[in-house]
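J.: Requesting a structural model of the entry that follows:
(one chain, ligands or ions: 1)
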Amino acid sequence: MNTPADSVQQSYQSLYDNFDSPLMSQLRLEAYGEDIGQHSWVTAEDLRCDAGRLRLTQAARLLDLGCGPCGPLTFLMKTTGCSGIGFDSSGAALSVGRRRAQSQCLDDRLTVCETDLDSALPVATGMVDAAMALDVILHLRDRLRTFTEIARVLGESGRFLFTDAAVVTGAISSEEVAIRSMHGFTQFCAPGFNERTLEQAGLTLLETEDRTYGMLSNANGRMEARLRHQAECEQLEGAQGFARYQGYLESIVSLSRRGALSRVMYLVQVRAR
Ligand SMILES: C[S@@+](CC[C@H](N)C(=O)[O-])C[C@H]1O[C@@H](n2cnc3c(N)ncnc32)[C@H](O)[C@@H]1O
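T.: Predicted coordinates:
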């Protein structure tokens, strides 16, 4: 039987099969300005600031929930010297991640594991110093359960940073909801919901930041880069697949531009036990 994680996984699978091809790397370079192997709205610039927010040092163990092909995780490992643990339901993404870590001589500090984040985390209590989830929480079923699990695996004063690209801050049509959910199960939430749920899970909110503008410019950048390489993209995706993905990006641009859907960064710290 197909589980919800399976449907998300199938959608990401086709993207990950060609993730590090010259074409995909070129598209990321053109869209983001710096290709770090991300498959989200995050940029290298965001991560350089977030490394400080997460207080990453050489001694730190960083857990990346929904790490995808480990681009942001290996970027932070390289810039801070920390060790990394990456969980994702996509085996294809983790294979790309392993190769990325090997090519950057980071493999002795990286552990990846195929995991469904809707289940308990396969990590002992208090074992990690910091955790992040970049544009992943929106795919999970039960945030309170997920945040409670994160609080459990964080050590004393451990920090968790995540981005939610589906905070509803305006009017959204049913068509737009369907397009925005093209990767599979997607949960949209009202402002304040994440804040309340984090508190309930034993995590104290330290900071939030509206990162909608970055999502808008990255979606625009991706759309334009793909148009410049349309023939090559269509060879991979087919004409219909190309048009569908462009429609997805167009919808993100429209939703962000009119402030209907926001992308927000949350930084929290585990409460003293
Ligand atoms: C938008 S991508 C973000 C990837 C990565 N964080 C990045 O910034 O490049 C979302 C990721 O979440 C993973 N994912 C979605 N639902 C999941 C689940 N239930 N369990 C584990 N991973 C999941 C997908 O496989 C995908 O790699």
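J.: Restrict stretch 215-228 to CA atoms and write it as PDB.
T.: Extracted C-alpha coordinates of stretch 215-228, given in PDB (Å, rounded to 0.1, in the frame of the first residue of the first chain):
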ATOM      1  CA  MET A 215      11.300  32.400  -2.200                       C
ATOM      2  CA  LEU A 216       9.900  34.800  -4.700                       C
ATOM      3  CA  SER A 217      13.200  35.700  -6.200                       C
ATOM      4  CA  ASN A 218      14.400  32.000  -6.300                       C
ATOM      5  CA  ALA A 219      11.100  30.900  -8.000                       C
ATOM      6  CA  ASN A 220      11.500  33.600 -10.500                       C
ATOM      7  CA  GLY A 221      15.200  32.700 -11.000                       C
ATOM      8  CA  ARG A 222      14.300  29.000 -11.500                       C
ATOM      9  CA  MET A 223      11.600  29.800 -13.900                       C
ATOM     10  CA  GLU A 224      13.800  32.100 -16.100                       C
ATOM     11  CA  ALA A 225      16.800  29.600 -16.000                       C
ATOM     12  CA  ARG A 226      14.500  26.800 -17.100                       C
ATOM     13  CA  LEU A 227      13.100  28.900 -20.000                       C
ATOM     14  CA  ARG A 228      16.700  29.600 -21.200                       C
END
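J.: So which bits of that stretch are buried?
T.: 215-223, 225-226 (16 or more other Cβ atoms under 10 Å). The way it works is simple: take the backbone N, C-alpha and C, and place the C-beta from them, glycine included.
J.: Could you tell me which of those residues belong to helices?
T.: Counted as lying in helices by DSSP state H, out of those, are 215-223, 225-226.
J.: which one of the residues you listed sits closest to residue 256?
T.: Distances from residue 256 to these, taken as Cβ to Cβ, are shortest for residue 216 (3.9 Å).
J.: Please list all residues in contact with that closest one.
T.: For residue 216, the contact set (Cβ atoms under 8 Å, 6 or more residues apart in numbering) comprises 252-253, 256-257.
J.: what does residue 169 give?
T.: Contacts here follow Cβ under 8 Å, 6+ apart; on that basis residue 169 touches 191, 259-262.
J.: give me the subset of the ones in helices among the buried residues of stretch 215-228 touching the ligand.
T.: Checking those against the ligand by Cβ under 6 Å from any ligand atom, not one of them is in range.
J.: want to throw those into TSV with pLDDT?
T.: Output for those, formatted as TSV (pLDDT from 0 to 100):
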residue	pLDDT
215	97
216	97
217	96
218	97
219	97
220	97
221	97
222	97
223	98
225	98
226	98
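J.: Just to confirm, what's the three-state secondary structure of residue 129?
T.: Here residue 129 is recorded as strand under DSSP: H, G, I helix; E, B strand; the rest coil.
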